[in-house]
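**Q** Structure here, sequence nowhere to be found:
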């Protein structure tokens, strides 16, 4: 065997050797960062319920491009020339998708679809290679190959149809991608549980990328607001909010008992979808708050509130999945959501007061989280 090409082998959790993010995967995450920026820009130009729906429709396949590669790497990454080559192909496919996001539901739909198709064909080739590894359970690779082949066929067929049928085929394909691993998680995928260090680390990195978008909102919002004093205060509170969210998520990663609950990872993975969508909307709304720091449309405040509730609910679900002694945590987050509803709907406040109130609620939740963690609850 060439020194540049190694046989594929199944990776299982190993208490003696921790699996960590590689330099190649950090490079791959740059594509995810570009995609998030593009989706945020599109949402900024149409911050309405319909605009949010469109961005969610584009986020799910781009997120799946990242997730599907990450889950393969968690089980089969052997860090050789073929794996590197397929990774670069997937990255280029992600670049194609990112470029087309501004028009991906209009005239750029087919090129966006081609980018997604290329990424998934590269993944199918990687699973095909893993199929011939003697140590890999054939049921796992055959399961992925059959499900993913059916799903990508929907996307390929969509290239030849008008928008209504095209987007229906996209939805059908994504449904297959998302539903089939969930169906097979206990009977098939549990034979190769995911690494309880590597996967949380990878999803933590992705979440930090999303928080970076909130920091970018502070920068660009201040630039647009010409450093107005109220805008400066609002931007400071937005930065503090992003920092508190980071601390909250980081503390969770450090305290969660993955080894008891992680398994094949589908609940943990899927709970991140609404969590990350919530963070993207929070970042875009924060930018609008900074730009319109003295006055903002009421519906933007409501969207901001709903995005934070979506994030907190998803984060609550993540903790429920991974932390055994959950009762006090659940009550504290339900209290935080109630406080948010009172803050946004009982009395109309200015953007700076709203975001300051939200930051105080997150500070209280983080303090409770630290206290419960100290008690090993």
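**A** Alright, I've got the coordinates. Not measured: the values here are computed from a predicted model. Residues are numbered from 1 along each chain as shown.
**Q** which residue packs closest to residue 154, ignoring adjacent ones?
**A** Of all residues not flanking residue 154 in the chain, residue 173 sits nearest, at 3.4 Å (Cβ to Cβ, 6 or more residues apart in numbering). In this view, the C-beta of every residue, glycine as well, is placed from N, C-alpha and C.
**Q** List the buried residues of stretch 352-359.
**A** 352, 354, 355, 356, 357, 358, 359 (16 or more other Cβ atoms under 10 Å).
**Q** got a list of contacts for it?
**A** Stretch 352-359 has contacts (Cβ atoms under 8 Å, 6 or more residues apart in numbering) with 230, 233-234, 237-238, 240-241, 244, 286, 289, 293, 301, 304, 308, 340, 343-344, 349.
**Q** before we move on, the earlier item: for the residue nearest to residue 154, grab the count of nearby residues.
**A** By the criterion of other Cβ atoms under 10 Å, residue 173 has 26 neighbours.
**Q** now do residue 79
**A** Counted with other Cβ under 10 Å, residues neighbouring residue 79 total 12.
**Q** For residue 8, see how far away it is.
**A** From residue 79 across to residue 8, the span is 11 Å (Cβ to Cβ, to the nearest Å).
**Q** next one: residue 107
**A** Here residue 107 is placed at a distance of 40 Å from residue 8 (Cβ to Cβ).
**Q** need the buried residues of stretch 352-359 in JSON lines with distance to residue 97, pLDDT and secondary structure, can you?
**A** Listed next are those as JSON lines, based on distance: Cβ to Cβ, whole Å; pLDDT from 0 to 100; DSSP: H, G, I helix; E, B strand; the rest coil:
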{"residue": "352", "distance to residue 97": "36", "pLDDT": "81", "secondary structure": "helix"}
{"residue": "354", "distance to residue 97": "34", "pLDDT": "84", "secondary structure": "helix"}
{"residue": "355", "distance to residue 97": "32", "pLDDT": "84", "secondary structure": "helix"}
{"residue": "356", "distance to residue 97": "37", "pLDDT": "86", "secondary structure": "helix"}
{"residue": "357", "distance to residue 97": "37", "pLDDT": "87", "secondary structure": "helix"}
{"residue": "358", "distance to residue 97": "32", "pLDDT": "88", "secondary structure": "helix"}
{"residue": "359", "distance to residue 97": "34", "pLDDT": "89", "secondary structure": "helix"}
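**Q** from the contacts of stretch 352-359, which would you call buried?
**A** Here, 16+ other Cβ under 10 Å leaves 233-234, 237-238, 240-241, 244, 286, 289, 293, 301, 304, 308, 340, 343-344 buried among the contacts of stretch 352-359.
**Q** picking up where we left off before, quick one, which of residue 107 and residue 8 is more surrounded?
**A** Applying other Cβ under 10 Å to residue 107 and residue 8 shows that residue 8 carries more neighbours, namely 24 against 9.
**Q** Who are the contact partners of residue 180?
**A** 143, 147, 151.
**Q** Quick one, grab the pLDDT at the residue nearest to residue 154.
**A** You'll see residue 173 listed with a pLDDT of 95.
**Q** C-terminal to the helix or strand where it lies, what's the next element?
**A** Per DSSP states H and E, residue 173 falls inside helix 163-184. Scanning forward in sequence from helix 163-184 by DSSP H and E, the next helix or strand is helix 198-224.
**Q** buried ones in stretch 101-110?
**A** Neighbour counts using 16+ other Cβ under 10 Å place 101, 104, 105, 108, 109 of stretch 101-110 among the buried residues.
**Q** gap between the two ends of it?
**A** 11 Å (Cα to Cα, to the nearest Å).
**Q** Average pLDDT for that stretch, rounded please.
**A** On average, stretch 101-110 scores 93.
**Q** who's in contact with that stretch?
**A** 35, 38-39, 41-42, 54, 57-58, 62, 97, 100, 112, 159, 163, 166-167.
**Q** ok, for residue 362, nearest residue in space, not its chain neighbours?
**A** Spatial nearest neighbour of residue 362, excluding adjacent residues (Cβ to Cβ, 6+ apart): residue 244 at 4.2 Å.
**Q** any idea which element that neighbour lies in?
**A** Going by DSSP H and E, residue 244 is in helix 229-255.
**Q** name the helices or strands packed onto that helix?
**A** helix 198-224, helix 266-291, helix 298-322, helix 351-374 (3 or more Cβ pairs under 8 Å, 6 or more residues apart in numbering; DSSP states H and E).
**Q** hey, which of those is tucked in deepest?
**A** helix 266-291 (a mean of 23; mean count of other Cβ atoms under 10 Å).
**Q** For residue 39, grab the count of nearby residues.
**A** Neighbours of residue 39 using other Cβ under 10 Å come to 25.
**Q** now residue 176
**A** Residues near residue 176, counting by other Cβ under 10 Å: 18.
**Q** how close does it sit to residue 290?
**A** With Cβ to Cβ as the criterion, residue 176 and residue 290 are 41 Å apart.
**Q** residue ranges of the helices in the stretch 1-150 of the chain, please?
**A** 23-45, 49-76, 81-100, 109-131, 138-158 (DSSP state H, counting those that start in this stretch).
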